[in-house]
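Asks: Below: sequence and its predicted model.
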Amino acid sequence: MFFSLLLFLVQGISAQEGYQIQQKNLIKVNLLPIAFRNYSIQYERVLGKSVSVAVAYRFMPEGTIPLKNKIIDYAEPDDQQVIDILNEAQLSNFAITPEVRFYLGKKGYGRGFYVSLFYRYSNFDANNIDADFEEEDISVNVDMKGNIKSHTVGFVLGSQWALSKHLCLDLWFLGPHYGTGSGSFTGIPSTPMSTEEQNTVRDKLNELEIDPYTKTVEVNQNKATVNIKGPFGGFRAGLSLGIKF
């Protein structure tokens, strides 16, 4: 009887450990940003009771600015050119985010409250920005596009639940990150610019306030370029539904 009970307990423990070992892989989709044309998928690998590693890929296909009408209504810009730019600009981006998770609860193995440390590489593109530079009797129209890349680090607080043997729910509600960003915006005129037109464009670009970024302006007859560099940051939050296997 004793050996039968002992065998039952050992088999039960082995089955539980086998379940934990089998459920080391999680693939999740973040549901919250879908409404903003952002799509994010994450793969998580459980290394032990308290530790896992994960990598997420997020992308936004090219399109108009999300919630642009609400932005215009809230900002109430006086300049029609600003409204036109907000309506016509095309944006896209992607980000890659590796992280290490530390599960602090009793359950562990990819379940319960966790703290995560992460690094994020982001790439943002903007196109179809139609800008006019005017001064007295000089007017120059340029078609601008730009790209910004950023490198940031941060932490996340969250909790993950096993909904069933093969389903999980992941909620993270605090994810500040901070680092640096750099990039450039280039404007191409419809015709080569005269010296006076170059001076007008250069003066207008130098007048732009983009604190806390630093900028350098380069203008010639064929294009105008603004190079920017400075601090970059943001917040991560999400609600992901996933499968375990």
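Replies: Looks like it came in fine. Residues are numbered from 1 along each chain as shown.
Asks: L86 and E62, how far apart?
Replies: 16 Å (C-beta to C-beta, to the nearest Å). For glycine as for every other residue, the C-beta is placed from the backbone atoms N, C-alpha and C.
Asks: correction: N123
Replies: For N123, the distance to E62 equals 13 Å [C-beta to C-beta].
Asks: Taking the centroid of the protein, which residue is nearest it?
Replies: Geometric centre of the chain, nearest residue: A95, 5.1 Å, by C-alpha atoms, centre = their mean.
Asks: I'd say it and M60 touch.
Replies: No: using C-beta atoms under 8 Å, A95 is not in contact with M60, being 9.3 Å away.
Asks: in the sheet, who's paired with the residue nearest to the centre of the chain?
Replies: Note on A95: beta-bridge partners by DSSP bridges are R58, S122.
Asks: mind checking pLDDT for it?
Replies: Per-residue confidence at A95 stands at 98 (pLDDT).
Asks: Tell me which residues touch it, please.
Replies: A56, Y57, R58, F59, R120, Y121, S122, N123 (C-beta atoms under 8 Å, 6 or more residues apart in numbering).
Asks: Against S116, how distant is it?
Replies: 15 Å.
Asks: coming back round to it: looking at L86 and E62, which one has more neighbours?
Replies: Per other C-beta atoms under 10 Å, whichever of L86 and E62 has more neighbours is L86, with 17 against 13.
Asks: Can you list phi and psi of the more buried one for me?
Replies: Main-chain torsions, L86, degrees, to the nearest 10: phi -60, psi -40.
Asks: Got the confidence number for the nearest residue to it once chain neighbours are set aside?
Replies: Nearest non-adjacent residue to L86, counting by C-beta to C-beta, 6 or more residues apart in numbering: K68, 5.3 Å away. What the model reports as pLDDT for K68 is 80.
Asks: Residue numbering should commence at 657 henceforth.
Replies: Sounds good: first residue 657 from here, last item K724.
Asks: I'd guessed K724 sits against N743; true?
Replies: Yes: taking C-beta under 8 Å as the definition, K724 is a contact partner of N743 at 6.4 Å.
Asks: ok, the two, which is more surrounded?
Replies: Set side by side, K724 and N743 show more neighbours around K724, with 15 against 12, by other C-beta under 10 Å.
Asks: neighbours around the residue nearest to N681 when sequence neighbours are not counted, how many?
Replies: Of all residues not flanking N681 in the chain, F901 sits nearest, at 5.2 Å (C-beta to C-beta, 6+ apart). Residues contacting F901 under the criterion other C-beta under 10 Å number 10.
Asks: now do S708
Replies: S708 has 23 nearby residues by other C-beta under 10 Å.
Asks: Would you mind pulling up the elements that the helix or strand encompassing it packs against?
Replies: Counting by DSSP states H and E, the element that carries S708 is strand 707-720. Here strand 707-720 touches strand 695-702, strand 746-759, strand 768-791, going by 3 or more C-beta pairs under 8 Å, 6 or more residues apart in numbering; DSSP states H and E.
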